[in-house]
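Trainee: Build me a structure from this.
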Amino acid sequence: MSTKIYDAYRLPAGTDPFALPQTLNAYLRPIRLHLEAQQLVDEALRLIDDFSIHRDVSLMPTSVLAAKQDHSLYNPTRPMLAAERILADREAERNPSEIGHDEHRVEATVLTDGERIYIKFFVDHPELRAGVSSLAEELGWEDFHYQNQADRPDEVSDDEWATRGQVWSRMLGTDTFSERGLNYSLRTGYRTTRSLFQCSAQDAFDDCVTASKQQRLQRMVLGDAVRLWRAEADDDELDISAMFAAYDRFGAGLKQLSGESEWKACLARMREFTPAELVRTNEGPVYSHDLSAAELRSLASTLL
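Mentor: This next block holds a predicted model:
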């Protein structure tokens, strides 16, 4: 049976396993909050750009939950709050047992073998994985990952590699991690907490960035190009290879189009935002441009 145990460590002797949650929260929670803050900024700006095309709330996202499918989630005066509501709605639809249900997940299982304590992390995002690695280095945790379907790392001896396999086998047997250990989960998320909008978490937005006008216009035009292409393509043209070829063609077309005077004129009609501007409450609807759907489709048609 194949064994793949990554992001795993042996902790120093004497480590208190019940003190670990506080340590993990202090180190990893700010990283997760920042990632979620950036996702909120990206979503809010995307919503503003889409709303500015037609300026009709009824055309904005509604709930994916069956009981609320006629309920619009967009608030044109508070786009950041609307972004949180929409992301929370999508989060509620996902099955927590599915892989990838939470791209910012931070979970861990603590196990023991004799007097030694081991921890196995479950993280997917590169920044969170890097945070785990930095935390392990800072606290003197020993790398203890193991896999039996590939050769051992050069820096690990044959005896040490075999020992790792034996230790994990004793701790797990044929069970899963959650069945054998003390389980930890750092849950923030859009549905379970509003911590991003608490005063103590406002610095999560400090290092966020907003997409440039060029990037945002490209997104809108590319989206229209894909919709036009799908509407015109035959069923046998909608396979994966055809889709990748179309995206490559659209990408090359966007690079050429970005130098045209029509494109530059559209950029001049768009507004830049800072994260702070997106967070605040506004007296009236927030708009980011005055481009019409027809103008965007005209640009998109040149990519086909």
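Trainee: could you dump stretch 230-248 to PDB, C-alpha only?
Mentor: C-alpha atoms of stretch 230-248 as PDB (Å, rounded to 0.1, in the frame of the first residue of the first chain):
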ATOM      1  CA  ARG A 230     -18.800  28.800 -26.600                       C
ATOM      2  CA  ALA A 231     -22.000  30.100 -28.200                       C
ATOM      3  CA  GLU A 232     -20.600  29.700 -31.800                       C
ATOM      4  CA  ALA A 233     -18.600  26.400 -31.300                       C
ATOM      5  CA  ASP A 234     -20.000  23.000 -32.200                       C
ATOM      6  CA  ASP A 235     -20.300  20.400 -29.500                       C
ATOM      7  CA  ASP A 236     -17.400  18.500 -30.900                       C
ATOM      8  CA  GLU A 237     -15.200  21.600 -30.600                       C
ATOM      9  CA  LEU A 238     -15.800  22.000 -26.800                       C
ATOM     10  CA  ASP A 239     -13.200  19.300 -25.800                       C
ATOM     11  CA  ILE A 240     -10.300  20.100 -23.500                       C
ATOM     12  CA  SER A 241      -7.700  20.500 -26.200                       C
ATOM     13  CA  ALA A 242      -9.900  22.900 -28.100                       C
ATOM     14  CA  MET A 243     -10.600  25.000 -25.000                       C
ATOM     15  CA  PHE A 244      -6.800  25.300 -24.200                       C
ATOM     16  CA  ALA A 245      -6.100  26.200 -27.800                       C
ATOM     17  CA  ALA A 246      -8.800  28.900 -27.600                       C
ATOM     18  CA  TYR A 247      -7.400  30.300 -24.400                       C
ATOM     19  CA  ASP A 248      -4.000  30.500 -25.900                       C
END
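Trainee: got a list of contacts for stretch 152-162?
Mentor: For stretch 152-162, the external contacting residues (Cβ atoms under 8 Å, 6 or more residues apart in numbering) are Y146, R164. Glycine gets a C-beta too; all of them are placed from N, C-alpha and C.
Trainee: for the residue nearest the centre of the chain, helix, strand, or coil?
Mentor: Centroid-nearest residue in the chain: E103, 4.8 Å away (criterion: Cα atoms, centre = their mean). For E103, the assignment made with DSSP: H, G, I helix; E, B strand; the rest coil gives coil.
Trainee: who's in contact with the closest residue to D290 other than its chain neighbours?
Mentor: Leaving aside its sequence neighbours, D290 sits nearest to R269 (Cβ to Cβ, 6 or more residues apart in numbering; 5.6 Å). Shown in contact with R269 (Cβ under 8 Å, 6+ apart): H289, D290, L291.
Trainee: Which stretches in this protein count as strands?
Mentor: Shown for the chain, the strands assigned by DSSP state E span residues 4-5, 8-10, 106-113, 116-123, 142-143, 146-147, 182-185.
Trainee: Save these as TSV, and put in mean pLDDT and distance to T62 too.
Mentor: Formatted as TSV, the strands of the chain follow (pLDDT from 0 to 100; distance: least, Cβ to Cβ, whole Å):
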stretch	mean pLDDT	distance to T62
strand 4-5	92	40
strand 8-10	97	43
strand 106-113	94	31
strand 116-123	95	32
strand 142-143	96	47
strand 146-147	93	45
strand 182-185	92	30
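Trainee: So for M80, which of the ones you listed sits nearest?
Mentor: Across those, M80 has its closest neighbour in strand 106-113 (23.4 Å, Cβ to Cβ).
Trainee: Nearest to H71 among the contacts of R269?
Mentor: Checking those against H71 by Cβ to Cβ gives H289 as the nearest, at 26.8 Å.
Trainee: ok, the closest one - how many residues close by?
Mentor: For H289, the neighbour count with other Cβ atoms under 10 Å is 21.
Trainee: S292: neighbour count?
Mentor: 12.
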